[in-house]
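In: Sequence first, then the predicted structure:
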Amino acid sequence: MISFRWLPIFILGASVGYGVARYLQPQSVKTEIIQPTAQITGIHKLPVYQAASTQPALISQQSKPLSKSESGYLLLIREAVSNKELSKAFDLLAEAQQQFGISAHRLVLLAELYQRRKNFKQARATLHQALEVDPTITAQVYLMIRQVVTALINAQVDALSFNEKVQILSEEIINDPGFANYYMLLGRVYYTHEEYADAITNLAYALQLDHTQSPILQPLIDAAKQRLENPGLVELPISDHGRALNVDVKLNNLPQSFRFILDTGASFTAISLDVAQKLGVTISSDQPTIQISTANGMIQVPMVILNAVNLQGALVEQVPAVVLNELNGFDGLLGLSFLNHFNIDINQDEGKLLLLKNPTKYMTQ
């Protein structure tokens, strides 16, 4: 069995072999090819496809002409979707399948309904079923699969296990090897699971496919290399600001750093309202809140989840945090919701902070 670590190299060899076979085949044979929108340079000449829209849109292209009665069903289904009557749309699709049998275009519609209901696992399975029924819609459906898989890997509800994420991404890489985001997602999955060599391999390959992602990928590659050289240990400088210790922190996938106060006495990590807006975090009226103690007494503040908090290689995902209107000029406060994942040693004389992975926090993962 081929190790996932060598999967990019394996795919390169398979791609070269496939290219030779294409060159030698008779000219009369016609095959469906997804046309690349950009081409990278260097040894690996795999296509980089146009990014798909993040919003699902019911497709109108059909692989073959439809009867009037079947077209009528599709009009009713689209009308139900427009009116946000998803249950009615599901029922109409079921009726159409009973009357006309399975078709690729109706399977795509069904997958889009699953996507709207955030059932990404079922949407992915249905899209692959549509490809089996009609392989001529490959280019169109792969764009939708990219949306669905990205949402599935990043989903917070019904989150997948490490092995499930690796399996899904590895399968999609074989089907769609030119999509850089698959390698980036797989690299982050390996990083979170502390398999840093595999993380570096996939992140570096993603960067080769899409150099525009360098501000996001390169810091993570550097962090993985640091963790590989110093397993479980991160050493970083700290500076004094009055009586507060401050550090540079990266949040979610943003390339810039934010200045945080280090506070081992705070139960939660906190971000300012300005940082929340930069992260695209919307504070709604029904947002969960928590009561905290401040210099002005007890207050209720909104609670959010940060996708990733990265302290120069010490990375924790899904970090609970509170949003405060103002933090005395700082971008945030690094509290125990992040720091509890590590054993901490602060050496103020040398201006160093040592974070050692706390294994008891990960025994159940």
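Out: The structure has been received and is ready for your questions. Numbers count the residues shown, from 1 in each chain.
In: From residue 333, how far off is the one residue sitting closest to the centre of the chain?
Out: With the centre of the chain defined as its mean C-alpha position, the nearest residue by C-alpha atoms, centre = their mean is residue 154, 4.4 Å away. Here residue 154 is placed at a distance of 26 Å from residue 333 (C-beta to C-beta, to the nearest Å). C-beta: built from backbone N, CA, C; applies to glycine.
In: picking that back up, next up, the contacts around the residue nearest to the centre of the chain.
Out: Contacts for residue 154 (C-beta atoms under 8 Å, 6 or more residues apart in numbering) come out as 185, 307.
In: Am I right that residue 173 is in a strand?
Out: No. With the criterion set as DSSP: H, G, I helix; E, B strand; the rest coil, the secondary structure at residue 173 is helix rather than a strand.
In: can I assume it is in contact with residue 180?
Out: No. Under the criterion of C-beta atoms under 8 Å, residue 173 makes no contact with residue 180, lying 10.5 Å away.
In: Looks to me like residue 301 is in a strand.
Out: Yes. With three-state DSSP as the criterion, residue 301 is located in a strand.
In: Identify the bridge partners of it.
Out: The bridge-partner assignment for residue 301, based on DSSP bridges, gives residue 290.
In: Show the pLDDT at it.
Out: On pLDDT, residue 301 comes in at 90.
In: Was I right to think it contacts residue 322?
Out: Yes. Under the criterion of C-beta under 8 Å, residue 301 lies in contact with residue 322, with a separation of 4.6 Å.
In: So which of those two has more stuff around it?
Out: Looking at residue 301 and residue 322 with other C-beta atoms under 10 Å, you find the greater number of neighbours at residue 322, namely 23 against 19.
In: Tell me how far the more buried one lies from residue 336.
Out: Look at residue 322 and residue 336: by C-beta to C-beta, they are 12 Å apart.
In: got any residues that touch both of those two?
Out: Here residue 322 and residue 336 have residue 268 as joint contacts, going by C-beta under 8 Å, 6+ apart.
In: For residue 279, what are phi and psi?
Out: Comment: the main-chain dihedrals of residue 279 come out as phi -80, psi -10, following degrees, to the nearest 10.
In: hang on, it packs against residue 258?
Out: No. Using C-beta under 8 Å, residue 279 is not in contact with residue 258; the gap is 9.6 Å.
In: Mutual contacts of these two, please.
Out: With contacts defined as C-beta under 8 Å, 6+ apart, the residues shared by residue 279 and residue 258 are 251, 271.
In: Run through the strands of this protein in chain order.
Out: Chain-ordered strands for the chain, with DSSP state E as the definition, fall at 38-39, 47-48, 233-237, 239-241, 244-251, 258-262, 269-272, 289-294, 297-311, 314-324, 332-334, 342-347, 352-357.
In: Can you add distance to residue 167 and give those back as CSV?
Out: Conversion of these to CSV gives the following (distance: least, C-beta to C-beta, whole Å):
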stretch, distance to residue 167
strand 38-39, 28
strand 47-48, 24
strand 233-237, 30
strand 239-241, 44
strand 244-251, 29
strand 258-262, 35
strand 269-272, 32
strand 289-294, 37
strand 297-311, 22
strand 314-324, 19
strand 332-334, 34
strand 342-347, 30
strand 352-357, 26
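In: For residue 69, find the nearest of those strands.
Out: For those, proximity to residue 69 was assessed by C-beta to C-beta; strand 47-48 is nearest, at 39.8 Å.
In: list the buried ones in stretch 106-118?
Out: Residues of stretch 106-118 classed as buried by neighbour count (16 or more other C-beta atoms under 10 Å): 106, 107, 108, 109, 110, 111, 112, 113, 114, 115, 116.
In: which one among the residues you listed gets closest to residue 245?
Out: When the buried residues of stretch 106-118 are compared for distance to residue 245, the smallest value, 45.2 Å, is given by residue 115; criterion: C-beta to C-beta.
In: what's the distance between the closest one and residue 312?
Out: Residue 115 sits 37 Å away from residue 312, going by C-beta to C-beta.
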